[in-house]
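A.B. asks: below is the sequence, then the predicted model.
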Amino acid sequence: QEHRPRAGGTFDATAITFAAMGLFDGLDADQRARVLLPHEDPGRTHWNFLPESGRHGLPLGDLDRRQEVLAHRLIAESMSIPAYARVVQVMANEHVLRELNLPLFGHVAATLRDARGYFLTFFGQPQPDTTWGWRLVGHHLSVNVTVVDGDLVSATPFLLGAEPARFGPFRILGEEEDCAFVLLDSLTAAQQRQAVIHSRPPADFVTRTVPAVGEVEYPAYHGVGRRDAMITDEDRKALAYFRAHPRGIRAGDLSATQRGHFDDLLARFVERARPGLAGFEMDRIAAAGGVENLHFAWAGGTTVDQPHYFRVQGPVTLVEFDNAEDDANHVHSVWRDPSNDFGADLLIQHHLEHDHTGSSGA
């Protein structure tokens, strides 16, 4: 067990578990039945953030005021406070989107755009020193937290989106976007030629919302339910994700100033996690070759008003940020771990350890 980084030694898993237990104990019997699934349920890795029918779970709109506060305590305990602020803004942005959508959707906008239409699910009942997880999912939000044996925690996939990306006081993912442009603009002409992999961005994530990132992934031809940012077969090939062969420019080949910009950009995503877990993730990156072997790739326009996309890629790190739809005013951003989304790697190692010792696993 000494060969790999562990999240033990921090209070992160315990704090999240206690917050979840407080919420679970505050639910009535019907709500508990709706919120709880076995940890092994295959739906645990379904993290689609777009409107869909038949979602499992307990919507925040079905909680009373006290229960809703307990739910928000769980959300806040599971991430950094800046990330929690973004989550709150993403949900609140539905109020704005509802009004903007009225001319198009009419009365349907009131049900389609719902600031409390986010579904909470527990995968395994939260208890200390057990394996369980929780998810909050809805339009432009997918938070997935996994606790393994009361100790190891995964916070990926962690998705935040914004539609509109810029409106009035809202620019929910503006800091992430600005950091990427600072890095891009700091590159020399030769470095930009290396970093920019294609002249057109994908309509959405290249890896889409697959349960597990494969060795090779191609973007869809267009966004789900819309056709305003279509791409071709040639675009898809140019934008493809190859796990073993990252595209773009390597962080270790940047100057000291550029590397500082890269580190700042990476931190905007890894530090969505609680501080202890962010440190754990940085240890995983170090063990998998270090930050210097991460790659930064760009596609599309090079100004904020043009459709654009970037990604940061390494063995245990994948960041994708896409602002292509609605004339570059509609952002999707995700932080994933290709080897450990939903705690997959740590769950496998946990079961191997338990099989090896002959003890019964959680």
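C.D. replies: Yep, it's here. Residues are numbered from 1 along each chain as shown.
A.B. asks: give me the distance between the nearest residue to Pro315 once chain neighbours are set aside and Glu271.
C.D. replies: Spatial nearest neighbour of Pro315, chain neighbours left out: Ala288 (4.2 Å); criterion: C-beta to C-beta, 6 or more residues apart in numbering. Just so you know, the C-beta spots here come from the backbone N, C-alpha and C atoms, and that holds for glycine as well. Distance of Ala288 to Glu271, given as C-beta to C-beta, to the nearest Å: 18 Å.
A.B. asks: over to Glu292?
C.D. replies: Distance from Glu292 to Glu271, by C-beta to C-beta: 19 Å.
A.B. asks: circling back: more neighbours: Ala288 and Glu271, which one.
C.D. replies: Neighbours were counted for Ala288 and for Glu271 using other C-beta atoms under 10 Å; Glu271 has more, 19 against 16.
A.B. asks: okay, the residue most central in space within the chain: pLDDT?
C.D. replies: Closest to where the C-alpha atoms of the chain average out (C-alpha atoms, centre = their mean) is Phe158, at 1.9 Å. As predicted, Phe158 sits at a pLDDT of 98.
A.B. asks: is it bridged to anything, and to what?
C.D. replies: With DSSP bridges as the criterion, Phe158 is bridged to Val143, Trp335.
A.B. asks: OK, contacts around it?
C.D. replies: The neighbours of Phe158, taking C-beta atoms under 8 Å, 6 or more residues apart in numbering as the test, are Met79, Ala83, Ser142, Val143, Asn144, Phe269, Arg272, Ala273, Val334, Trp335, Arg336.
A.B. asks: can you select the buried ones among those for me in PyMOL?
C.D. replies: To isolate the buried ones among these in PyMOL, judged by 16 or more other C-beta atoms under 10 Å, type:
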select buried, resi 79+83+142+143+144+269+272+273+334+335+336
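A.B. asks: wait, Val334 sits on Asn144?
C.D. replies: No. With contact defined as C-beta atoms under 8 Å, Val334 does not count as touching Asn144 (10.6 Å).
A.B. asks: do you know how far the residue nearest to Pro315 is from His245?
C.D. replies: Distance of Ala288 to His245, given as C-beta to C-beta: 15 Å.
A.B. asks: before we move on, what about Gly117?
C.D. replies: Distance of Gly117 to His245, computed by C-beta to C-beta: 40 Å.
A.B. asks: for Thr131, what are its contacts?
C.D. replies: Taking C-beta under 8 Å, 6+ apart, we find Thr131 in contact with His39, Gly124, Thr146, Val147, Val148, Asp149, Gly150, Leu347, His350, Gly361, Ala362.
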